[in-house]
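Enquirer: Provided below for reference: sequence and predicted model.
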2 protein chains.
Amino acid sequence: MKHEDVFNPDCQVRLVLDRIGDKWSVLVVLALRDGPRRFTGLRTTIGGVTPKVLTQTLRAMERDGLLTRRVFAEVPPRVEYELTPLGLSLHAPIDAITDWAEAHLDEIVAAREATT
Amino acid sequence: MKHEDVFNPDCQVRLVLDRIGDKWSVLVVLALRDGPRRFTGLRTTIGGVTPKVLTQTLRAMERDGLLTRRVFAEVPPRVEYELTPLGLSLHAPIDAITDWAEAHLDEIVAAREATT
DNA sequence: TGTCAAGGTATCCATCGGATACTGGTTACT
DNA sequence: AGTAACCAGTATCCGATGGATACCTTGACA
């Protein structure tokens, strides 16, 4: 089964693309690259994300088995997020994209400004 | 400049990620893999996209230099979309993602259903 | 006269992302 | 005793965005 049927809206590869294509998931994976992080740490590291949306993103990624959420019964509360092996394996494709983005950034910016 | 500053909301890599992360752009690139296509061809090939959104996607990709739009002065009208070399170069990272998606699909679906 | 083709717009509505404010339990400080 | 701080989120509201549906144009043809 090659990805010819990616064009089918019910194709499950589409489900995965939508998750990866999510605005914040990629950044969460990058932020967790070097080990577990806490909610506020993620929030301040990833610039521009609001707590509501970060929570939604983390919950969705947890549902999909990309990361684990561990709650410590302490005060003040502590919650640690950590990538699962599945989540870690995302680094390869994500690196492919960020590398591409860095390599071709100027072309895109140039094209965009040419039509201004 | 490594992608440490991807976390900065003003980082331009983020701009590119948002474009790639767009729900339909990836599918457009895949649909144009084998050469130019016409609007209706894209529309029917890519399941579930409405004309308005497809137009928005194509216009944005054109602005960013990922594809060209060629209008033939005929009746009925003919418009062909074709990837630029820049757009073609996207296939490498996109393949990395779709391959990952196909490889880990069942894990994700299993995780998702485990919490149902 | 009416219909069809292709490549879109126009219009409307639902959903989602984002901004801001607030909560709760405990410990530390005054 | 009172109060501020800490952390991980909710609660609420609003504007932007995505999607569904209907419609437009022009020329050939029945």
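Expert: Received the coordinates, thanks.
Enquirer: Does anything pack onto the helix or strand hosting residue A:60? Which helices or strands?
Expert: Element membership for residue A:60, per DSSP states H and E: helix A:51-63. Applying 3 or more CB pairs under 8 Å, 6 or more residues apart in numbering or on different chains; DSSP states H and E, one finds that helix A:51-63 makes contact with helix A:25-31, helix A:39-45, strand A:67-72. For every residue, glycine as well, the C-beta is placed using N, CA and C.
Enquirer: quick one: the first one near chain B?
Expert: In this case it means helix A:25-31. Yes. Against chain B, helix A:25-31 shows contacts by CB under 8 Å from any CB of the partner chain at A:26, A:27, A:30, A:31.
Enquirer: Report pLDDT for whichever residue of chain A sits closest to DNA strand C.
Expert: Closest to DNA strand C within chain A is residue A:75: 3.6 Å, counting by CB to the nearest atom of the strand. On the pLDDT scale, residue A:75 is placed at 90.
Enquirer: could I get the helices and strands packed on helix A:51-63 as TSV with distance to residue B:94, mean neighbour count and mean pLDDT?
Expert: Formatted as TSV, these follow (distance: least, CB to CB, whole Å; neighbours: other CB atoms under 10 Å in any protein chain shown; pLDDT from 0 to 100):
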stretch	distance to residue B:94	mean neighbour count	mean pLDDT
helix A:25-31	14	22	96
helix A:39-45	27	15	97
strand A:67-72	24	13	97
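Enquirer: Serialize these to JSON lines and add fields for distance to DNA strand C.
Expert: JSON lines is the format used below for those (distance: least, CB to the nearest atom of the strand, whole Å):
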{"stretch": "helix A:25-31", "distance to DNA strand C": "10"}
{"stretch": "helix A:39-45", "distance to DNA strand C": "10"}
{"stretch": "strand A:67-72", "distance to DNA strand C": "12"}
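Enquirer: Out of the ones you listed, which gets nearest to residue A:90?
Expert: helix A:25-31 (5.3 Å; CB to CB).
Enquirer: Name the residues that touch that closest one?
Expert: A:19-20, A:37, A:42, A:45-46, A:49, A:54, A:57-58, A:60-61, A:66-67, A:81, A:83, A:87, A:90-91, A:94, A:97-98, B:3, B:6-7, B:17, B:21 (CB atoms under 8 Å, 6 or more residues apart in numbering or on different chains).
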